[in-house]
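1. Here is the input, now give the coordinates:
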Amino acid sequence: MGIRVRHVVWTSAALALGSFIYVVTLEPMDEDQFPRAAAIGQGRNLNGMVDRVRAAMIADQHDSAIEQAHELVGYYPNELRALYHLAIAYRGEGRESDAARIWEQILNLIEKRGGSIGTSPNLYYYAWAIHEIGDRDTGQQLFGQVADQYAQASKDGDDRWGGFGAIDHYNLACYRAMAGELDRAMGHWAFAIELGYGRDRGGRWWMADPDLEPLHDRVRFWELGTRIDATDREGRLIEPDLESRESDAGEG
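-> Coordinates of the predicted model:
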């Protein structure tokens with residue numbers, strides 16, 4: 001049986017396909033010619049990079065936080081979450097002019113996209129940017145809208161605040177705090193801790209989260225926060241000693 005033309009065509013197509021697959025999946029890519037090659041090869045992902053920025057901020061390593069945030073924005077230049085973390089990293093270091101430049105970038109990016117600014121997550125980042133470029137009253141109003149939207153979307157249908165889970169109460173504490181509704185924020189913070197916020201992850205982000213800064217002058221905020229990991233081997237709550245904090249902060 002002779003080799004027919006169609007066999008040659010099929011064989012050539014198979015070889016071409018194999019070469020294509022090799023180039024796409026196996027052959028090293030020139031990072032100068034393909035800038036995303038480094039991102040693909042290093043397996044970078046948004047959540048993991050955000051976690052590194054936050055870890056540096058928790059440790060008060062502001063230079064490292066800024067460096068990590070710059071890397072994050074390098075991989076995700078048009079991602080609002082990435083830009084937000086660069087802005088708050090600058091803010092944590094006291095580099096307000098650099099932070100202001102990023103807040104303006106966030107505003108421009110949201111407005112150019114033409115989507116609805118009045119809904120999360122756009123509204124959250126928009127509220128932060130407005131708040132930080134100097135219009136704090138408008139920023140607080142916008143955070144109030146974020147909180148109302150989140151509450152409406154998260155409630156279990158019977159209008160009881162207790163219907164929310166720990167992460168919902170944490171987020172509402174953040175939004176209400178930024179809205180200037182400090183008593184309501186503290187109520188949500190208490191519920192979040194009571195329902196086990198942070199115990200499954202052992203995280204410390206609440207200590208550096210800029211959303212909660214309006215609550216930092218309240219002793220009760222820190223008292224509740226120390227309970228996140230304050231349990232013995234049987235899971236029983238260990239009441240913290242707050243005498244050292246009492247001298248540093250007054251009840252707001």
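2. rest of the way, CA atoms for contacts and neighbours
-> Noted.
3. Chain neighbours aside, what residue packs nearest to residue 184?
-> Distances taken as C-alpha to C-alpha, 6 or more residues apart in numbering place residue 176 nearest to residue 184, at 6.5 Å, with adjacent residues excluded.
4. tell me the mean pLDDT for the helix or strand containing the one you found?
-> Using DSSP states H and E, residue 176 falls within helix 166-178. Mean pLDDT, helix 166-178: 94.
5. sorry, back to before: can you pull the contacts of the residue nearest to residue 184?
-> By C-alpha atoms under 8 Å, 6 or more residues apart in numbering, residue 176 lies in contact with 143-144, 147, 182, 184-185.
6. same thing but at 7 Å, please
-> Neighbouring residues of residue 176 by C-alpha atoms under 7 Å, 6 or more residues apart in numbering: 144, 147, 182, 184-185.
7. can you map out the helices along the stretch 151-252 of the chain?
-> 166-178, 182-194, 205-208, 219-225, 243-246 (DSSP state H, counting those that start in this stretch).
8. List the contacts of the third one.
-> Same thing as helix 205-208. For helix 205-208, contacts defined as C-alpha under 7 Å, 6+ apart pick out 54, 57-58.
9. Relative to residue 91, how far out is the residue lying closest to residue 53 once chain neighbours are set aside?
-> Nearest residue to residue 53, sequence neighbours excluded (C-alpha to C-alpha, 6+ apart): residue 65, at 4.9 Å. Using C-alpha to C-alpha, to the nearest Å, one gets 11 Å for the distance from residue 65 to residue 91.
10. try residue 205
-> For residue 205, the distance to residue 91 equals 16 Å [C-alpha to C-alpha].
11. Ok, residue 47 next?
-> Distance, residue 47 to residue 91, using C-alpha to C-alpha: 21 Å.
12. These two: which is more packed in?
-> Applying other C-alpha atoms under 10 Å to residue 47 and residue 91 shows that residue 91 carries more neighbours, namely 19 against 11.
13. List the residues that contact the more buried one.
-> If you count contacts by C-alpha under 7 Å, 6+ apart, then residue 91 has residue 99 around it.
14. where does this structure have low pLDDT?
-> 1-43, 115-116, 155-163, 200-203, 229-252 (pLDDT under 70).
15. where exactly do the strands run in it?
-> Counting by DSSP state E, the chain forms no strands at all.
16. circling back to that earlier point, from the contacts of residue 176, which two are the most distant?
-> Distance extremes for the contacts of residue 176: the farthest pair is 147 and 182 at 12.6 Å, using C-alpha to C-alpha.
17. Comparing these two, which residue is more hemmed in?
-> Per other C-alpha under 10 Å, whichever of residue 147 and residue 182 has more neighbours is residue 147, with 23 against 20.
18. Surely that one and residue 172 touch.
-> Yes. At 5.9 Å, residue 147 and residue 172 qualify as touching, with contact defined as C-alpha atoms under 7 Å.
19. one step back: turn the contacts of helix 205-208 into JSON lines, including neighbour count and distance to residue 154.
-> Formatted as JSON lines, those follow (neighbours: other C-alpha atoms under 10 Å; distance: C-alpha to C-alpha, whole Å):
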{"residue": "54", "neighbour count": "24", "distance to residue 154": "25"}
{"residue": "57", "neighbour count": "23", "distance to residue 154": "29"}
{"residue": "58", "neighbour count": "18", "distance to residue 154": "28"}
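20. which one of the residues you listed is nearest residue 164?
-> Distance to residue 164, by C-alpha to C-alpha, is smallest for residue 54 among those, at 25.3 Å.
21. how about the closest one, what does it touch?
-> Per C-alpha under 7 Å, 6+ apart, neighbours of residue 54: residue 205.
22. circling back to that earlier point, so which of the helices of the stretch 151-252 of the chain is nearest residue 82?
-> Per C-alpha to C-alpha, nearest to residue 82 of these: helix 205-208, 16.4 Å.
23. how about the closest one: buried residues?
-> Of all the residues in helix 205-208, those buried under the rule 16 or more other C-alpha atoms under 10 Å are 206-208.
24. If anything else comes up later, I'll come back, but that's it for now.
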